[in-house]
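Chemist: coordinates for the following, if possible.
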Amino acid sequence: MTEKNSPNIILDQEYPYPFQKHLGFILTEWNYGYCHLELPLESFLMNMCGIPHGGIHATLFDTALGYAGCYSNAPSDPRFTMTLNLGVNFGAKSKGDKLLVDAKQTSGGRQIYFAEGRATDNHGSLIATDIGTFRYRTGQKNAQVKN
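Modeler: Predicted coordinates:
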C-alpha cells in the first residue's frame, strides 16, 4: 500500500462506471493487492428491516476483491477479472451511515487468484467478511464506458 497522501496516478485515472455511480460507492485506495471502497448509506440501499440489503455487501465485496487482484502500473495495459466464487459472511448490522470495505489479494497464480475482504461501518464495527476466487480475463480488450 502507498501512503494516504502519496499520488496514485492509476487511482486518479479510474473513473466510476455506471453501476458504481448509481449505487454511490467510491474507490478511495487502490494499490497492488489491495483495494478500499466506501459507500454512504442511502435509503434506497436498505432492505425492509432498515439495514443495507445483503446484495449491497456482495456488490461491494465483488468489486473490491476484483480490484485487489487487478492493479497494474500501466494504464495502457489494464487487467480485468471475472468472479468464479464469492462467499459473504454476515456478522452484525451496520449502525453507521457509511460502509467501508477493505480487500486484499491473498494468493494466486497466472490465471486464478484468491482474495478476502472485510466490511465495517464508520463506527468500526465488523459487519461482514468475504472470500473470493477470481480468474484473469485474457485474449480480449474490455470496452470501457465513460459517463
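
Chemist: which residues are in contact with stretch 111-124?
Modeler: Stretch 111-124 is contacted by residues 57, 60-61, 64-66, 68-69, 81, 84, 94-108, 126-136, 138 when judged by Cβ atoms under 8 Å, 6 or more residues apart in numbering. All C-beta spots, glycine's among them, are computed from the backbone N, C-alpha and C.

Chemist: ranking helices and strands of this structure by mean pLDDT, which lands last?
Modeler: helix 9-13 (a mean of 49; mean pLDDT, DSSP states H and E).

Chemist: for the following helix or strand past it, give the mean pLDDT please.
Modeler: Using DSSP states H and E, the next helix or strand after helix 9-13 towards the C-terminus is helix 18-23. For helix 18-23, the mean pLDDT works out to 85.

Chemist: list the contacts of the most centrally placed residue in the chain.
Modeler: Geometric centre of the chain, nearest residue: Ala64, 1.5 Å, by Cα atoms, centre = their mean. Applying Cβ under 8 Å, 6+ apart to Ala64 gives the contacts Cys35, His36, Leu37, Val101, Asp102, Ala103, Gly117.
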